[in-house]
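K.L.:
any chance you could fold what I've pasted below:
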Amino acid sequence: MKAMILAAGKGTRIRPITNIMPKPMIPIMQKPVMEFLVELLRQHGFDRIMVNVSHLSEEIENYFRDGQKFGVQMAYSFEGTIIDGKLQGSALGSAGGLKKIQDFSPFFDDTFVVLCGDALIDLDLTYAVNWHRQKKSLATIITKTVPRDQVSSYGVVVTDSDGRIKQFQEKPRIEDALSNTINTGIYIFEPEILDYVPSGLEFDLGSDLFPKLVAADLPFHAISMDFQWVDIGKVPDYWQAIQDVLLDKIKNVNIPGHEVKPGIYAGLNVSVNWDKVDIRGPVYIGGMTQIEDGATIIGPTMIGPNCHVCSGAVVERSVIFEYSRLSDVRLVDKLVFGRYCVDKTGATIDLQAAALDWLITDARQQQQSHSPLEFSKSPAA
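P.N.:
Next up, the predicted model:
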């Protein structure tokens with residue numbers, strides 16, 4: 001069976017991480033979120049997977065390659081061009097990306113599934129496909145109900161009692177939303193759906209194609225299912241997802257490493273005197289990370305591999321990416337990524353621009369001594 005993963009977006013809402021990493025490659029406990037999707041597809045018999053890529057496309061292609069090591073076949077459709085010898089992404093939109101593949105060679109020749117590459121899901125795809133076929137639907141959206149104050153971030157779906165979509169609103173204002181049932185970015189399509197998508201143009205599923213299907217009164221359905229759906233579209237979503245993994249609230253995501261103490265997990269060759277640090281789980285510490293005597297780490301916290309947490313540093317409910325050196329600093333509810341420190345609300349500080357890169361910097365370079373500084377209040381870091 002065939003599937004498509006949408007992976008061409010720039011991920012502007014989760015910057016600065018996506019400045020150097022495409023959103024589908026953002027790690028959930030050291031494993032790219034898209035890898036979880038590939039595993040789910042394989043489990044339900046979808047072993048031929050097409051991926052559209054654009055922004056930082058080589059990061060995705062170099063990791064997954066042809067899919068052999070994941071037990072599937074994978075191929076890629078690049079959206080963009082080369083300017084001055086450099087790849088320049090230019091995404092065609094979610095529907096336009098599908099059409100480009102079909103115009104190249106008719107890949108989609110039977111019922112197929114489309115997934116957005118930026119969410120953790122635990123969904124019975126086999127059941128959903130069978131439901132779609134029983135309805136003889138041209139297109140089916142998998143939906144969920146969310147609190148009403150969140151509807152402006154999603155496409156809102158209105159159906160009749162038979163599940164047929166009567167109206168579709170793309171990211172409406174809260175006061176204009178006709179329901180709080182939203183589009184999860186998981187779709188089941190028949191190949192004929194692509195007859196309604198123009199060739200060579202930027203065209204979106206939610207804002208362009210779906211209203212067109214409703215207007216034409218085509219067999220367009222939605223099925224609301226009870227499943228785990230963790231959207232990491234924004235920095236606060238990602239921060240919360242890591243917190244929930246460490247708190248064992250997310251299924252099918254294991255904390256890597258080995259449990260050295262109750263609730264404390266470590267990768268290979270971590271350098272730490274366990275009796276001379278204050279570490280309270282749940283905490284994950286990546287391989288080849290050094291924790292100096294006198295450091296404090298309070299969970300839920302993830303410390304990536306090859307980090308260096310200096311004596312006197314306090315890290316609480318935070319996410320620290322690899323090769324981060326934390327001097328005598330206090331981090332509470334923060335995400336540290338390269339030269340950036342981000343509050344759980346999304347407020348960002350560029351440490352280099354603020355002349356604070358001596359405080360949180362790359363663990364691979366030499367450091368000089370400075371006075372301690374506290375980063376416990378938003379939006380300083």
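
K.L.:
what sits against the nearest residue to residue 277 once chain neighbours are set aside?
P.N.:
Among residues not flanking residue 277 along the chain, residue 295 sits closest, at 5.1 Å (CB to CB, 6 or more residues apart in numbering). C-beta here means a position set from N, CA and C on the backbone, and glycine is covered the same way. With contacts taken as CB atoms under 8 Å, 6 or more residues apart in numbering, residue 295 has the following neighbours: 277-278, 309-315.

K.L.:
lowest-confidence helix or strand of this structure?
P.N.:
Lowest mean confidence among the helices and strands of the chain (mean pLDDT, DSSP states H and E): strand 373-375, at a mean of 48.

K.L.:
for residue 143, helix, strand, or coil?
P.N.:
Here residue 143 is recorded as strand under DSSP: H, G, I helix; E, B strand; the rest coil.

K.L.:
in contact with residue 77, which residues?
P.N.:
Counting by CB under 8 Å, 6+ apart, residue 77 makes contact with 50-53, 97, 100-101, 104.

K.L.:
out of those, which end up buried?
P.N.:
Burial by neighbour count, 16 or more other CB atoms under 10 Å: within the contacts of residue 77 this picks out 50-53, 97, 100-101.

K.L.:
mind putting the residues you listed into CSV with secondary structure, pLDDT and distance to residue 326?
P.N.:
What follows is the buried ones among the contacts of residue 77, written out as CSV (DSSP: H, G, I helix; E, B strand; the rest coil; pLDDT from 0 to 100; distance: CB to CB, whole Å):
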residue, secondary structure, pLDDT, distance to residue 326
50, strand, 96, 41
51, strand, 95, 36
52, strand, 91, 38
53, strand, 90, 34
97, helix, 91, 40
100, helix, 93, 44
101, helix, 93, 45
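
K.L.:
residue nearest the middle of the chain, spatially speaking?
P.N.:
Nearest to the geometric centre of the chain sits residue 118, at 3.3 Å (CA atoms, centre = their mean).

K.L.:
tell me where the stretch 1-150 of the chain has strands.
P.N.:
Here the stretch 1-150 of the chain has its strands, by DSSP state E, counting those that start in this stretch, at 2-7, 27-28, 31-32, 48-53, 73-78, 80-83, 86-89, 112-116, 119-122, 139-145.

K.L.:
closest one to residue 150 out of the contacts of residue 295, please.
P.N.:
Residue 150 lies nearest to residue 315 out of the contacts of residue 295, by CB to CB, at 29.4 Å.

K.L.:
residue contacts, the closest one?
P.N.:
For residue 315, the contacting residues are 295-298, 301, 303, 309, 326, 331, by CB under 8 Å, 6+ apart.

K.L.:
do you know how far residue 153 is from residue 98?
P.N.:
Remark: distance between residue 153 and residue 98 (CB to CB, to the nearest Å) = 23 Å.

K.L.:
of those two, who's got more company?
P.N.:
Neighbours per residue (other CB atoms under 10 Å) separate residue 153 from residue 98, with residue 98 holding more: 29 against 14.

K.L.:
pretty sure the more buried one is touching residue 198, no?
P.N.:
No. At 11.7 Å, residue 98 does not count as touching residue 198 under the criterion of CB atoms under 8 Å.

K.L.:
shaky segments in the chain?
P.N.:
Residues of the chain that meet the criterion pLDDT under 70 lie in 11, 14, 350-360, 366-381.
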